[in-house]
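**Student:** sequence first, then the predicted structure:
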There are 2 protein chains.
Amino acid sequence: MVQQERAARTRQDLVRAAAEVFAQSGFTMASISTISKKAGVSTGALHFHFASKQALARAVEDEAAAVVRAIAGPAPDGGPHPLQRLIDATHALMGRLDQDVMVRAGFGLGSALPRREDAVDLRGVWQDWVEEVLRDAEREGVLAEGVSAADASIAVVAATVGFELLGAHDRTWTSAATLVRFWELLLPRLAAADGLGRLVSGGTPDTVPDRV
Amino acid sequence: MVQQERAARTRQDLVRAAAEVFAQSGFTMASISTISKKAGVSTGALHFHFASKQALARAVEDEAAAVVRAIAGPAPDGGPHPLQRLIDATHALMGRLDQDVMVRAGFGLGSALPRREDAVDLRGVWQDWVEEVLRDAEREGVLAEGVSAADASIAVVAATVGFELLGAHDRTWTSAATLVRFWELLLPRLAAADGLGRLVSGGTPDTVPDRV
């Protein structure tokens, strides 16, 4: 059991070290020896856990995908306004991109060239969810008149992907302040007037997760 | 003279071939021999024109930067509504990203890891111009009440960078139709009501470049 725990910890150290090296140097230039050194293990131990650099990249992406799926999850019954869920999810995602190298590296791997066949399309996961929650908003009649879920998706997906990309070099782009300004610009155009006042562009505080 | 022309053409063939290889495989994996083969010249001839792969990347970026600067140029005297200039420039830029591998590769090199020290920051050039034209709009009083140039810049820069990145794998994102939907969503929030009706979200037709 102790040995299993140690193995699990070593594996986790390797995935984290790989994320740091991928985020810094990109997939192609990342070397197995740099990753194992950073994790404080031998390359032999690395190869016990991961057959290849591809397998390490995939592990980083899988961890990042789990974060994205936790943030962009199914709506709870009687849950908040769909647009509030969307606002909250953008704050959660940008916060993780800003603070968690695993998530940052996972997204970064998605634009690395040449493309890996087994790469996880994190931006696609995010895009699908944004489209879904905006369709919920449309169905519930909380979008402004004349605004379709599809049109809103274009703006929100493109802008959030832009924040993610620009934030890799300048953290201002993934800051809460930037996101608040974005939502304060967009919401009056997006939300039906009678629900607009209830929307919190800074996101629902974590301590009151179901506040609408 | 004929020899100079031939040399200039060879150089241009090499830059174009490099753009194609960078766009496909990324900077790190691109090989000098693949580029010279694609250009139909010997590696010796390549090295006569370019000392290194870095120099080729820089040439691609310089050509892309020239395109961006031509699109995002200074305002003509008595020129069109600043927001129309912005709309037109986004259409021109997305059109080039869609159709011109040189521009696509130039932007792509900007997110390649590890970062090259001499890389041209094309997204930065674009961002500076968007901010400038939106400050013009603010100064001319054509932004909607309560909307600042800085807030509008966040949304427009992030969304256009998102279109560029997503368009590298799915051309729908750089299509005119996507851009029209984006502007039709955003303009009613961005533009002062009395100028809104004059704005053409599809861009001013090229044949009437100064139409307002």
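**Tutor:** That came in fine, so what should we check first? Values in this document were obtained by computation on a predicted structure and should not be read as measured data.

**Student:** hey, where'd the strands end up in chain A?
**Tutor:** Read by DSSP state E, chain A holds no strands at all.

**Student:** spit out the contact partners of A:Leu14.
**Tutor:** By C-beta atoms under 8 Å, 6 or more residues apart in numbering or on different chains, the contact set of A:Leu14 is A:35-36, A:39, A:41, A:46, A:49-50, A:56. Heads up, the C-betas are built off the backbone N, CA and C, glycines and all.

**Student:** repeat that with 6 Å
**Tutor:** Applying C-beta atoms under 6 Å, 6 or more residues apart in numbering or on different chains, we find A:Leu14 in contact with A:39, A:46, A:49.

**Student:** so what's the predicted local confidence for A:Val207?
**Tutor:** One correction, residue A:207 is Thr, not Val. If you check A:Thr207, the pLDDT there is 34.

**Student:** any idea what sits nearest A:Glu131, other than its immediate chain neighbours?
**Tutor:** Excluding the flanking residues, the one nearest A:Glu131 by C-beta to C-beta, 6 or more residues apart in numbering or on different chains is A:Ser153, at 4.7 Å.

**Student:** my bad, A:Lys38
**Tutor:** Using C-beta to C-beta, 6+ apart, the closest residue to A:Lys38 is A:Ala17 (3.9 Å).

**Student:** okay, that neighbour and A:Asp98: tell me how far apart.
**Tutor:** Separation of A:Ala17 from A:Asp98 (C-beta to C-beta, to the nearest Å): 20 Å.

**Student:** what is the neighbour count of A:Ala177?
**Tutor:** Counted with other C-beta atoms under 10 Å in any protein chain shown, residues neighbouring A:Ala177 total 10.

**Student:** for it, give me the pLDDT.
**Tutor:** 96.

**Student:** one more: the one 3 residues further on?
**Tutor:** Taken from the predicted model, the pLDDT recorded for A:Val180 is 97.

**Student:** A:Thr28 is in contact with B:Thr28, isn't it?
**Tutor:** Yes - look at A:Thr28 against B:Thr28 with C-beta atoms under 6 Å: they come within range, at 4.1 Å.

**Student:** returning to that earlier point: nearest to chain B among the contacts of A:Leu14?
**Tutor:** A:Ala39 (19.6 Å; C-beta to the nearest C-beta).

**Student:** which ones are touching the residue nearest to that closest one when sequence neighbours are not counted?
**Tutor:** Leaving aside its sequence neighbours, A:Ala39 sits nearest to A:Ala17 (C-beta to C-beta, 6+ apart; 3.8 Å). A:Ala17 makes contact with A:35, A:38-39, according to C-beta under 6 Å, 6+ apart.

**Student:** take the residues you listed and keep only those in helices.
**Tutor:** When DSSP state H is applied, the contacts of A:Ala17 are split such that A:35, A:38-39 fall in helices.

**Student:** avg pLDDT for the longest helix belonging to chain A?
**Tutor:** Assignment by DSSP H gives helix A:2-29 as the longest helix of chain A. For helix A:2-29, mean pLDDT rounds to 95.
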